[in-house]
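Visitor: sequence below, structure please.
(chains A and B)
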Amino acid sequence: MNALEAIRNRFAVALADIAEPDKVDSLLGMIRPAQDDKFGDYQANCAMPLGKQLGRPPRDIATGLVAAVSLDDLCDAVEVAGPGFINLTLKEDWIKSRLTEALSDDALGVQKVEKPRNVVVDFSSPNVAKPMHVGHIRSTVIGDALAKIHRFLGHRVITDNHLGDWGTQFGMIIYGYKHFVDNAAYTADPVVELGRLYKYVRVIMDYHGAVAQLPAAQELLDKQHTALTRVSGEQHEDKAALKKQKKDIARLKEKMVDQQALVEKLQQTIAGAQSDTGLMSAADAHADIAKSVLAETVKLHEGDTENKGLWDKFLPYCLADINRLYDRLNIRFDHVLGESFYHDQLAAVVEDFIQRKIATESDGAICVFLDGYDAPMIIRKQDGAYLYPTTDLATIQYRAEEWQADAMLYVVDHRQHDHFDKLFDAARLWGYKEAELTHVSFGTVLGDDGKPFKTRAGDTVGLEGLLDEAESRALAIAIEQNPELEESRQQEIGRVVGIGALKYADLSQNRSSDYKFSYDKMLALRGNTATYLQYANARVHGIMRNLNVTPASLKAQTGDFIFAEPVERQLSLQLLRFEEVLNDVLVEYKPNLLCNYLFDLAQLFARFFDQCPVRDADSQAQQKSRLQLCALTSGTLTTGLGLLGIESLERI
RNA sequence: GCCCCGGUAGCUCAGCCGGAUAGAGCAGCCGCCUCCUAAGCGGCAGGUCGGAGGUUCGAAUCCUCUCUGGGGCGCCA
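Guide: Here you go, the predicted structure:
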């Protein structure tokens, strides 16, 4: 039982007597860790709102509460301060006995939740056959961490990688294979050749697309220009009209900047293609490539033997390709049920929607109209093809019925917010009202310039290159810091530190905000980084190594805890907050709360390391106590990092 | 036009279902290795929490308006 929960339980009894029953929970929520040491360890802020509700002075309420709550075995000082804050200081004996419990427990005293849920975590979900890029890493890393934390707290977790394995990109590869394959290259390395084919077809399609789009884009730009000239030339007398004119001009100019950029981009695409004569002859020979690609996709979906055969042939290579990345990131999934898994269920989904009269036909498409949205959710196109909302609905059905999911978490970037709002509304209309459906959204990864992270050439940055760079930078530091270590150890440190830094950079940020990617910040040796935590952990192990003890040997024969320096008590309290923080993480699915916690823990340990000699402790008993704190610290850091999907080492 | 998400120290960001003097890291300045990993520790300096109203005993946090940046908005995913 963590301290916060213990305190809340005691207050719950007392509050039941004086507060309205439905208010008790929110009042208990006002008991929280104290913001400042001088206010004790925890503070209860519920007397002020209670005073208002009951029409009595809050200080009286606070005093009454203090008298009514039985905390004798838990807290020392219980003080009423200011307008009615109740400041609580935990008894040292209570802290010490919790530490002793944690020391002998593999889960560090963290208890399983009382009501485990079946939680499906849908994350990563890349389109196979397209190169994975930096945008995929946030979903992958955040989803993995949330799954691990759920599991650690006793929930039944199912992770599912909902691959895009049935879309247009296969039409592209199939078309590419049929027309452009280099058989020697394919035999030598199918993955590389398929990747090349995808890009090749993409470039040709983009070229034709740009050629088709450019005149209209140019025309629109000209129109905007004309409009700007016209509006600018207008003469107005009254202020309101003048203001409107100014606003219109500003808006038009803004639009023109965007439109100009679009035109330039199209021109660049065309010029880029034209500079490659080989490509141009292919482009000329395949003028209808977009239509043909679509046709190949349709044939695949309709079960065409040849295309389905190619799909069956290509898919394992595509999977092997992405699995190489998952291996490097050390990430596994319980299931990999991509879009293709659901394709034969889609017709039935749409039929069911029609039969239940929650979908209607509009302009030949089958639509679900939802309150609060102008645009409907289309589940079948005019041409009879299904769309991703259809697949997503089938997926919800499957997860609810096959897996009895109590919660489905979708770790997907924030741009799909509207899609998920609609999807969830539609699913509830359909009858899936029980399960929690949550879009765990996250922001965009930006470059130094504040724009979506791209290479100088304008391509999205490949994930593979990102991992390479992170590792090689970390390796350089590892060699510099540990010149005496053998090379394989340095390599190992480089790998663990580099990958850890990359993951932590994503996790430590509030997931909802965009974040600026920077190798330098990520691999900084100080500050709130994985490296700092790994370093702290390595230092703990250094102490234990020097004194020839292990967490296991300490566990075998525990001793008393002694708080000589203030930092020892602070460190202890922080160690005991682990469970509390893990529960906090799951309230809003925010792994950064765990990062913050671990960073605070590491900082406290660094102070402990400075102020509390272990080898040269004053007594055997004190040394024992400090070693036990070391064991708990390394256990918590290692476990905490592990829950974030980050490895730790005993020496870095 | 409508909808969503941001704006907090020079920079990168925490804090946001209201709580006591707004935090951290980086960058800057000053100290600390005869001492368990200095990939460290201590200290100094730095903020009208975009702006204006409002609700409240109390607002970075809630409400309204406004400025500003980003994203999304019928047959792509």
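Visitor: could you use CA atoms for every contact and neighbour count after this?
Guide: OK.
Visitor: interface residues of the stretch 51-200 of chain A facing RNA strand B?
Guide: A:Lys52, A:Ala81, A:Gly82, A:Pro83, A:Phe85, A:Ile86, A:Asn87, A:Gly164, A:Gly167, A:Thr168 (Cα under 7 Å from any atom of the strand).
Visitor: is stretch A:613-625 anywhere near RNA strand B?
Guide: Yes: Stretch A:613-625 reaches RNA strand B (Cα under 7 Å from any atom of the strand) through A:Pro613, A:Val614, A:Arg615, A:Asp616.
Visitor: contact residues of the stretch 501-650 of chain A facing RNA strand B?
Guide: Residues of the stretch 501-650 of chain A found near RNA strand B (Cα under 7 Å from any atom of the strand) are A:509-516, A:524-528, A:531-532, A:535-536, A:538-539, A:541-544, A:546, A:592-593, A:596, A:603, A:606-616, A:650.
Visitor: rerun that using 6 Å as the cut-off
Guide: The stretch 501-650 of chain A comes close to RNA strand B at residues A:509-510, A:513-516, A:525-528, A:531-532, A:535, A:538-539, A:542-543, A:546, A:603, A:606-607, A:609-610, A:612-615, A:650, as judged by Cα under 6 Å from any atom of the strand.
Visitor: restricted to helices, list those residues.
Guide: Of those, the ones assigned to helices by DSSP state H are A:531-532, A:535, A:538-539, A:542-543, A:546, A:603, A:606-607, A:609-610.
Visitor: quick check on the residues you listed: which are buried?
Guide: Among those, those scoring as buried are A:Thr531, A:Tyr532, A:Tyr535, A:Ala538, A:Arg539, A:Ile543, A:Gln603, A:Ala606, A:Phe609 (criterion: 16 or more other Cα atoms under 10 Å).
Visitor: in the residues you listed, find the pair that's most separated.
Guide: A:Thr531 and A:Ile543 (18.5 Å; Cα to Cα).
Visitor: follow-up on the earlier one: buried ones only from the residues of stretch A:613-625 next to RNA strand B, please, as a PyMOL command.
Guide: If you want just the buried ones from these in PyMOL, going by 16+ other Cα under 10 Å, the selection is:
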select buried, chain A and resi 614+615
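Visitor: out of the residues of stretch A:613-625 next to RNA strand B, the closest to A:Glu484 would be?
Guide: Lowest distance from A:Glu484 to the residues of stretch A:613-625 next to RNA strand B (Cα to Cα) belongs to A:Arg615, with 24.2 Å.
Visitor: phi, psi of that closest one?
Guide: The phi and psi values for A:Arg615, taken as degrees, to the nearest 10, are phi -60, psi -40.
Visitor: confidence score at it?
Guide: A:Arg615 is assigned 94 on the pLDDT scale.
Visitor: the one 5 residues further on too?
Guide: pLDDT, the model's per-residue confidence, is 93 for A:Gln620.
Visitor: show the contacting residues for it.
Guide: With Cα atoms under 8 Å, 6 or more residues apart in numbering as the criterion, no residue contacts A:Gln620.
Visitor: looking at the residues of the stretch 51-200 of chain A next to RNA strand B, which are in helices?
Guide: A:Lys52, A:Thr168.
Visitor: any quick ChimeraX command for the buried ones out of the residues of the stretch 51-200 of chain A next to RNA strand B?
Guide: The ChimeraX selection below is limited to those of those classed as buried (16+ other Cα under 10 Å):
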select /A:85,86,87,164,167,168
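Visitor: now, which of the residues of the stretch 51-200 of chain A next to RNA strand B sits nearest A:Ala250?
Guide: Nearest to A:Ala250 among those: A:Thr168, at 39.4 Å, using Cα to Cα.
Visitor: where does the residue nearest to that closest one when sequence neighbours are not counted fall, helix, sheet strand or coil?
Guide: Nearest non-adjacent residue to A:Thr168, counting by Cα to Cα, 6 or more residues apart in numbering: A:Thr297, 5.8 Å away. Classification of A:Thr297 by DSSP: H, G, I helix; E, B strand; the rest coil places it in helix.
Visitor: quick one: contacts for A:Thr297?
Guide: A:Gly167, A:Thr168, A:Phe170, A:Gly171, A:Met172.
Visitor: how about the third one: what's its closest non-neighbour residue?
Guide: The spatial neighbour of A:Phe170 that comes closest, neighbours along the chain excluded (Cα to Cα, 6+ apart), is A:Thr297 at 6.7 Å.
Visitor: the residue sitting nearest the centre point of chain A: what's it in contact with?
Guide: Closest residue to the average C-alpha location of chain A: A:Ile142 at 2.7 Å, with Cα atoms, centre = their mean. Going by Cα under 8 Å, 6+ apart, A:Ile142 touches A:Val411, A:Asp506, A:Leu507, A:Pro591.
Visitor: returning to what we had before: relative to A:Phe561, how far out is the residue nearest to A:Phe170?
Guide: Using Cα to Cα, to the nearest Å, A:Thr297 is found at 68 Å from A:Phe561.
Visitor: list the ones among the residues of the stretch 51-200 of chain A next to RNA strand B that fall in strands.
Guide: Using DSSP state E, the members of these that fall within strands are A:Ala81, A:Phe85, A:Ile86, A:Asn87.
Visitor: show me what contacts the nearest residue in space to the last one that is not next to it in sequence?
Guide: This points to A:Asn87. Leaving aside its chain neighbours, A:Asn87 sits nearest to A:Gln43 (4.6 Å; criterion: Cα to Cα, 6+ apart). Each residue near A:Gln43 by Cα under 8 Å, 6+ apart is listed here: A:Ile31, A:Arg32, A:Pro33, A:Ala34, A:Phe85, A:Ile86, A:Asn87, A:Leu88.
Visitor: now, the most widely separated pair of these?
Guide: Maximum distance among the contacts of A:Gln43 (Cα to Cα): 12.4 Å, for A:Pro33 and A:Phe85.
Visitor: where does the stretch 401-550 of chain A have low pLDDT?
Guide: A:454-461, A:525 (pLDDT under 70).
Visitor: quick one: the strands in it?
Guide: Taking DSSP state E, counting those that start in this stretch, the strands of the stretch 401-550 of chain A run over residues A:407-413, A:436-442, A:445-446, A:515-516.
Visitor: same check, this time on the stretch 1-150 of chain A
Guide: Using DSSP E, counting those that start in this stretch, strands in the stretch 1-150 of chain A cover A:31-33, A:42-44, A:75-81, A:85-90, A:118-122.
Visitor: closest one to A:Gln623 among those strands?
Guide: A:Gln623 sits nearest to strand A:85-90 of all these, at 23.6 Å, using Cα to Cα.
Visitor: packing partners of that closest one?
Guide: In terms of contacts (3 or more Cα pairs under 8 Å, 6 or more residues apart in numbering; DSSP states H and E), strand A:85-90 is packed against strand A:42-44, helix A:47-54, helix A:58-68, strand A:75-81.
Visitor: what does the stretch 351-500 of chain A put close to RNA strand B?
Guide: Counting by Cα under 6 Å from any atom of the strand, the stretch 351-500 of chain A comes close to RNA strand B at A:362-365, A:375-376, A:378, A:381-382, A:387-388, A:415-416, A:418, A:477-478, A:481.
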